[in-house]
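In: starting from these lines, generate the structure:
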Amino acid sequence: MQEYERGRWNHFLLDATWRRTRFNAQPNALLVETVRNHPAGMALDVNMGEGRNALYLAQQGWQVTGVDYADQALAFAQDQARQLGIALTTVEHDVATYDWGTNCWDLIVLCYADESAHVAQVQAGLKPSGLVVFENFHTDVNHARGNKPGQEVGFATDELKNLYAAANFQILHYEEPIGIADFSRETQRLVKLVARKR
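Out: This is a model prediction of the structure:
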């Protein structure tokens, strides 16, 4: 199953037609805005794909580790990093079993990463005052796409905000706008969160 998923994500992330029609190759706008005047530090990009966010952060001086099991996408990111003359650490690993560490990161990026809120891992992995930037689909997308039970994606109204607030994070930004999703370029209801570990 994992080999199938690895192949599927390699295709989605690297296929020329998909990239031209369904994929945003630019860094996530919420991430760009969040780090604009923030000092660079250690960043973890979770399920980083082909590296658009990790490469952007590295260009801004961050020391970035990107984790994904799409091996060809990671190789693509490393090739891009070499061409840009920047350092990027990539780890081929399933995020479900990856050790995020303890008090390691100044920033954790979860942009269309998967269907988990990852609160416990973010809480452990971030340094005090570290930031998490999270963007994904709202559960409204399931109706729009006609997803069947067991195939649902996204996060419910206020779900992320409440989970992170309950874990003692300071919520710096939260919204559920209708917008163009980075991944798929669909216009859908999204969830966007920026929170700081207290």
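
In: and the contacts of stretch 90-109?
Out: 2, 28, 31, 35, 38, 41-48, 51, 53-54, 57, 62, 65-69, 71, 74, 77-78, 113-114, 121-122, 124-128, 130-133 (Cβ atoms under 8 Å, 6 or more residues apart in numbering). Just so you know, the C-beta spots here come from the backbone N, C-alpha and C atoms, and that holds for glycine as well.

In: apply 7 Å and report the result again.
Out: For stretch 90-109, the surrounding residues in contact (Cβ atoms under 7 Å, 6 or more residues apart in numbering) are 2, 31, 41-47, 53, 65-67, 69, 71, 74, 77-78, 114, 121-122, 124-127, 130-133.

In: which parts of it are buried?
Out: 90, 95, 98, 100, 104, 105, 106, 107, 108, 109 (16 or more other Cβ atoms under 10 Å).

In: just the buried ones from the contacts of stretch 90-109?
Out: Of the contacts of stretch 90-109, these count as buried by 16+ other Cβ under 10 Å: 31, 41-47, 53, 65-67, 69, 74, 77-78, 121-122, 125-126, 130-133.

In: restricted to strands, list those residues.
Out: Cross-referencing these against strands under DSSP state E gives 42-46, 65-67, 126, 130-133.

In: could you dump these to CSV with distance to residue 151 and pLDDT?
Out: Formatted as CSV, these follow (distance: Cβ to Cβ, whole Å; pLDDT from 0 to 100):
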residue, distance to residue 151, pLDDT
42, 35, 98
43, 31, 98
44, 28, 98
45, 26, 98
46, 22, 98
65, 31, 98
66, 27, 98
67, 24, 98
126, 31, 98
130, 33, 98
131, 31, 98
132, 26, 98
133, 26, 98
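
In: possible to save those as TSV with distance to residue 143?
Out: TSV is the format used below for these (distance: Cβ to Cβ, whole Å):
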residue	distance to residue 143
42	39
43	34
44	32
45	30
46	27
65	36
66	32
67	31
126	34
130	35
131	32
132	27
133	27
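
In: contacts for whatever helix or strand residue 34 lives in next, please.
Out: Per DSSP states H and E: residue 34 is located in helix 29-35. Helix 29-35 has contacts (Cβ under 7 Å, 6+ apart) with 53, 56, 57, 60, 109, 111, 131, 133, 135, 192, 194.

In: now stretch 146-158
Out: 115, 136, 137, 138, 139, 141, 142, 176, 191.

In: let's see that with 10 Å instead.
Out: Defining contact as Cβ atoms under 10 Å, 6 or more residues apart in numbering, one finds that stretch 146-158 is touched by 112, 114-117, 134, 136-143, 145, 161-163, 165, 174, 176, 188-191, 193.

In: which of those residues are buried?
Out: 112, 117, 134, 136-142, 145, 161, 163, 174, 176, 188-191, 193.

In: kindly check the end-to-end length of stretch 57-70 for me.
Out: Criterion Cα to Cα, to the nearest Å; first-to-last residue distance in stretch 57-70 is 20 Å.

In: quick one, the helix or strand containing residue 107 and strand 42-46 angle?
Out: Using DSSP H and E, residue 107 sits within strand 105-111. For strand 105-111 against strand 42-46, the angle by axes from the mean of the first three to the mean of the last three Cα atoms, to 10 degrees is 20 degrees.
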